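Colleague: Task: produce atomic coordinates for the following.
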Amino acid sequence: MKYIINTTLLGLFFLFISSSCGIKNKTFTPTPSKTNDIISSNEAIIDPIKTGADNFETYLHLLKDKKVGIITNQSGIVNYQVPEIIYVQDPSQKPIAQIKNKSISIVDYLIGREVNLQKIFAPEHGFRGTADAGEHVVDGKDTKTDLPIISLYGNNKKPKPEQLVGIDIMVFDLQDVGARFYTYISSLHYIMEACAENNIDLIVLDRPNPNGNIVDGPILEKEFTSFVGMHPIPLLHGMTIGEYAKMINGEKWLKNGIQCNLTVIPCLNYKREMTYSLPVKPSPNLPNDQSINLYASLCLFEGTNVSVGRGTEMQFQIYGSPFLPKNDFSFTPIPNFGAKEPVYKNQLCFGENLTSIPKVNQLELKWLIKAYNSTSDKSSFFNDFFTKLAGTKKLQQQITDGVSETEIRKSWEKGLLNFKETRKKYLIYN
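Modeller: Numbering: from 1, shown residues only. Reported below is the predicted structural model:
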């Protein structure tokens, strides 16, 4: 007969011991994680990737006796392991050790560690990540913690001085996906700027970029700066959000060239070429790894009259419209979680299903070019938002002029080469 003793407190004790370590741009050097002695088996032990949020001992002491603000959402989670020992009555048999993985919101974790959290700042989609893209998110209060929530979307993208009163240090913990128009890096810019202007230190808890090995696309031109493109970088930048924060600071992209007092808490056991599957959806319409991998390529359709599957269960894995040729694949968008009023609601759309294609390793233009060439009305294909997404007028002009994908890519080469050289200065991981 077997019985189980749960040693949760023992596991938390191992994980939560803090050690001191000595901030403009500071990155704590990643060190190999130690194997827990309680794991005893014949299987090879592979150290799992630990996010900056999981790298507890490197940042907890920085928050001690400080009034803390945090910008995060449902993607800001902490993972930890709980050892559980199974004992057997037969004295000739050794106890069996099992490790169970647990996760908790970074907000709940910090409160549990008696960190003095003052406010939660929420990006696009809100603190719980339930709002539609572009939907107005109002300020409020978190029902679980009773902490005030300040929305950083709509007309209040940058924290106002009065919203920062009483805060000594800010923590930033959001999961990025490596695309210029994914607005979490725009929120990062404004948080850094507000911190610099108000003499508040900023800690960025780094997370792997699931598209971290891809640097591709046109460089944003300054005249097309917007919230979906704030800096002269390619559409896919190939950096973690911590590396990107270092670049913003180092290149003096904040207003008037100011810099914030930045500390990046790195991931452990992470290399850029590693496959990283996100444990939670970073936003409502990126439900899985396939959508995240295709996001940058298909999001350009949001500047056209083509749907990317909002209002279906295959968002950013399909595309189509009523104006594309009828074929064997079709879908009809309906209101759902993350798309209350989807494009072409209740209308039959024809297009292409990309749910099962191999992972892409570049910004793919072939679907965009194919859709433009086959639409029934080319004059209404593009809208004004396309230029903001592309960061340049050239891409739309190249497509309408019939320039080949090969030639379009050649036009990006010089800009990408220059960006990669600049990028090298800020990379943390191989």
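Colleague: Can you list the low-confidence ranges for the stretch 101-250 of the chain?
Modeller: Applying pLDDT under 70 to the stretch 101-250 of the chain picks out residues 125-126, 128-139.
Colleague: show me where it has strands.
Modeller: Assigned by DSSP state E, counting those that start in this stretch, the stretch 101-250 of the chain shows strands spanning 116-122, 140-141, 148-151, 169-173, 201-205.
Colleague: Can I get those in TSV including distance to L300 and mean neighbour count?
Modeller: Glycine gets a C-beta too; all of them are placed from N, C-alpha and C. Supplementary listing: the strands of the stretch 101-250 of the chain in TSV, determined by distance: least, CB to CB, whole Å; neighbours: other CB atoms under 10 Å:
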stretch	distance to L300	mean neighbour count
strand 116-122	27	21
strand 140-141	34	12
strand 148-151	27	18
strand 169-173	27	25
strand 201-205	28	24
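Colleague: so which of those comes closest to F381?
Modeller: strand 148-151 (33.8 Å; CB to CB).
Colleague: Hey, what's the angle from the strand ranked longest in the chain to strand 169-173? Just curious.
Modeller: The longest strand of the chain (DSSP state E) is strand 77-88. Angle between the axes of strand 77-88 and strand 169-173 is 70 degrees (criterion: axes from the mean of the first three to the mean of the last three CA atoms, to 10 degrees).
Colleague: Need the nearest residue in space to the most centrally placed residue in the chain, chain neighbours excluded.
Modeller: Centrality entry for the chain: nearest residue to the mean C-alpha point is D176, 1.5 Å, by CA atoms, centre = their mean. Spatial nearest neighbour of D176, excluding adjacent residues (CB to CB, 6 or more residues apart in numbering): I241 at 4.4 Å.
Colleague: quick one, what contacts that neighbour?
Modeller: F172, L174, Q175, D176, Y184, I185, L188, V204, D206, R207, N209 (CB atoms under 8 Å, 6 or more residues apart in numbering).
Colleague: related to what we said a few turns ago, may I see the strands of the stretch 101-250 of the chain arranged in a markdown table, with distance to P282 as well?
Modeller: Shown next, in a markdown table, are these (distance: least, CB to CB, whole Å):
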| stretch | distance to P282 |
| --- | --- |
| strand 116-122 | 14 |
| strand 140-141 | 21 |
| strand 148-151 | 18 |
| strand 169-173 | 12 |
| strand 201-205 | 14 |
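Colleague: quick one, which of those strands is nearest to E162?
Modeller: strand 148-151 (10.5 Å).
Colleague: Now do that closest one: which elements does it pack against?
Modeller: Under the contact criterion of 3 or more CB pairs under 8 Å, 6 or more residues apart in numbering; DSSP states H and E, strand 148-151 touches strand 116-122, strand 140-141.
Colleague: closest one to N261 among the ones you listed?
Modeller: Taking CB to CB, strand 116-122 is the member of the helices and strands packed on strand 148-151 nearest to N261, at 17.7 Å.
Colleague: could you say what helices and strands that closest one packs with?
Modeller: Against strand 116-122 (3+ CB pairs under 8 Å, 6+ apart) you get strand 67-72, helix 106-112, strand 148-151.
Colleague: The ones you listed: which one's closest to R180?
Modeller: Closest approach to R180 among the helices and strands packed on strand 116-122 is made by strand 67-72 (19.3 Å; CB to CB).
Colleague: Other residues contacting the closest one?
Modeller: 76, 105-107, 110, 115-123, 127, 152, 164, 166-174, 187, 191, 200.
Colleague: how about it: buried residues?
Modeller: V68, G69, I70, I71, T72 (16 or more other CB atoms under 10 Å).
Colleague: any idea how far that strand is from the chain center?
Modeller: 17 Å (CA atoms, centre = their mean, to the nearest Å).
Colleague: Ok, stretch 143-151 next?
Modeller: 22 Å.
Colleague: Redo the helices and strands packed on strand 116-122 as JSON lines? Include distance to Y429.
Modeller: Formatted as JSON lines, the helices and strands packed on strand 116-122 follow (distance: least, CB to CB, whole Å):
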{"stretch": "strand 67-72", "distance to Y429": "22"}
{"stretch": "helix 106-112", "distance to Y429": "21"}
{"stretch": "strand 148-151", "distance to Y429": "32"}
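Colleague: right, and those - which one's nearest E413?
Modeller: Closest among the helices and strands packed on strand 116-122, once you apply CB to CB, is strand 67-72, at 35.8 Å.
Colleague: Give me the sheet partners of the closest one and which way each runs.
Modeller: The pairing partners recorded for strand 67-72 under DSSP bridges are strand 116-122 (parallel), strand 169-173 (parallel).
Colleague: Could I get the contacting residues of T145?
Modeller: V107, D108, I111, L117, I120.
Colleague: Relative to L110, how far out is it?
Modeller: 10 Å (CB to CB, to the nearest Å).
Colleague: With C195 instead?
Modeller: Applying CB to CB to C195 and L110 gives a distance of 18 Å.
Colleague: now D142
Modeller: 13 Å.
Colleague: Neighbour count: the two, which is higher?
Modeller: L110 (25 against 17; other CB atoms under 10 Å).
Colleague: got the contact list for K222?
Modeller: P232.
Colleague: Format the strands paired with strand 67-72 as JSON lines; extra columns: distance to V215.
Modeller: Formatted as JSON lines, these follow (distance: least, CB to CB, whole Å):
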{"stretch": "strand 116-122", "distance to V215": "29"}
{"stretch": "strand 169-173", "distance to V215": "23"}
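Colleague: Can you tell me which of those strands is nearest to S404?
Modeller: Taking CB to CB, strand 169-173 is the member of the strands paired with strand 67-72 nearest to S404, at 41.2 Å.
Colleague: For that closest one, which outside residues touch it?
Modeller: So strand 169-173 is in contact with 52-53, 59, 62-63, 66-72, 75-76, 106, 110, 121, 188, 191, 195, 200-205, 207, 241, 245, going by CB under 8 Å, 6+ apart.
Colleague: Check the protein for its longest helix and report it.
Modeller: helix 184-197 (DSSP state H).
Colleague: So which elements touch that helix?
Modeller: In terms of contacts (3+ CB pairs under 8 Å, 6+ apart), helix 184-197 is packed against strand 169-173, strand 201-205, helix 241-250.
Colleague: Repeat the analysis, applying 10 Å as the threshold.
Modeller: strand 67-72, strand 116-122, strand 169-173, strand 201-205, helix 241-250, strand 262-265 (3 or more CB pairs under 10 Å, 6 or more residues apart in numbering; DSSP states H and E).
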